[in-house]
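J.: the following block contains a protein sequence and its predicted model.
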Amino acid sequence: MKVVVFGATGKAGRAVAMTLLAAGHQVTAFGRNPADIPEYEGIFPIVGDALNVADVASAVAGQDAVVVSLGDSLNPVVLKLGAKLGVKRNTPLNICEVGTANVIAEMATASVRRLICITSYGVGDTRDRLSLVFKLWFRALQLGEQLADKERQEKLVKASGLDWTLIQPVGLTDGAATGRWLTSSAGDRRKRTISRSDLAAFLAEVLANGRYVRETVVLSGLTISEMDFAKKAD
């Protein structure tokens, strides 16, 4: 399958691109910074901006499926202190909303139906399911602006008429792949974290088996005892 990954220079997008390549797909990696695009045989790089319609159109044309992994990789706390630290915002606050709107429009033009979009637990269908711990965590990390952008992004995806899947991972880590996770279209979760490697593996499964079309699915890690139980069950 030919798949383009928007946001392939971010940690999650990179993990997705590499996992899809390993699964045998023809992967196009789309990102703004050419130095950060994965350089592997089988991955076709496109340097572009998701806010630029022409760039998006060239990446979507001829694809079988699209993965959107847009976001701001800069720490939000650092952004808030940017003036003092000399750090400037290089990603617009509405990158998810506007970038995804462009992707949806160009998918319609190119007659590409399958869209998988990575957002975040705690927006849209799961906004009201946030625990106090999550609310305090999001507040401490000052994620309000980013979550609002993803909220608008999800609304666009749901209204697109495409064969979409929204994946809402809990807190993402650089941990090792476990191959074990909980998926829930009812908004349930287990651990508050999951590795990007497991996120990428799950996304590859969704693309391959066609599950969760026009559904929002929460992805969370399992506790050690749950993983042990799953292994025994196997």
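T.: Yep, that arrived.

J.: what residues are up against the most centrally placed residue in the chain?
T.: Among the residues of the chain, the one closest to the centroid is Ile118, at 2.6 Å (CA atoms, centre = their mean). With contact taken as CB atoms under 8 Å, 6 or more residues apart in numbering, Ile118 is in contact with Ala12, Val16, Val67, Val68, Ser69, Ile167, Pro169, Leu199, Leu203. Just so you know, the C-beta spots here come from the backbone N, C-alpha and C atoms, and that holds for glycine as well.

J.: please, which helix or strand holds Glu97?
T.: Assigned by DSSP states H and E, Glu97 belongs to helix 95-110.

J.: mind giving me the packing neighbours of that helix?
T.: helix 53-60, strand 65-68, strand 114-118, helix 144-158 (3 or more CB pairs under 8 Å, 6 or more residues apart in numbering; DSSP states H and E).

J.: pLDDT on the third one, on average?
T.: Mean pLDDT, computed over strand 114-118, is 98.

J.: got it, and the shortest one?
T.: On average, the pLDDT along strand 65-68 is 98.

J.: against which helices or strands is it packed?
T.: If contacts are counted by 3+ CB pairs under 8 Å, 6+ apart, strand 65-68 sits against strand 2-6, helix 11-22, helix 95-110, strand 114-118, helix 196-209.

J.: can you say which of these is packed in most?
T.: Greatest average neighbour count among these goes to strand 2-6 (a mean of 26), per mean count of other CB atoms under 10 Å.

J.: mind listing what that strand pairs with, with the direction of each?
T.: Using DSSP bridges, the strands paired with strand 2-6 are strand 26-31 (parallel), strand 65-68 (parallel).

J.: now mean neighbour count and distance to Ala176 too, for those, in TSV please.
T.: Converted to TSV, these look like this (neighbours: other CB atoms under 10 Å; distance: least, CB to CB, whole Å):
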stretch	mean neighbour count	distance to Ala176
strand 26-31	25	22
strand 65-68	26	22
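
J.: now render the ones you listed as TSV, adding distance to Gly99.
T.: TSV is the format used below for those (distance: least, CB to CB, whole Å):
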stretch	distance to Gly99
strand 26-31	10
strand 65-68	7
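
J.: who does Ile46 bridge with?
T.: Phe30.

J.: distance of it from Thr28?
T.: For Ile46, the distance to Thr28 equals 6 Å [CB to CB, to the nearest Å].

J.: which residues are in contact with both of those two?
T.: Residues touching both Ile46 and Thr28 by CB under 8 Å, 6+ apart: Val4, Ala59.

J.: sorry, back to before: how near is the residue nearest to the centre of the chain to Ala176?
T.: Taken as CB to CB, the span from Ile118 to Ala176 is 20 Å.

J.: repeat that for Asn33.
T.: Relative to Ala176, and taking CB to CB, Asn33 is found at 26 Å.

J.: isn't there a helix covering Arg180?
T.: No. With DSSP: H, G, I helix; E, B strand; the rest coil as the criterion, Arg180 is coil rather than part of a helix.

J.: before we move on, back to that, mind putting the contacts of Ile118 in CSV, distance to Lys191 included?
T.: Below are these laid out as CSV (distance: CB to CB, whole Å):
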residue, distance to Lys191
Ala12, 17
Val16, 20
Val67, 24
Val68, 25
Ser69, 21
Ile167, 16
Pro169, 11
Leu199, 13
Leu203, 18
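
J.: now Leu162: closest residue in space that isn't a chain neighbour?
T.: Leu115 (4.8 Å; CB to CB, 6 or more residues apart in numbering).

J.: any weak-confidence spans in the protein?
T.: 73-89, 130-144, 223-234 (pLDDT under 70).
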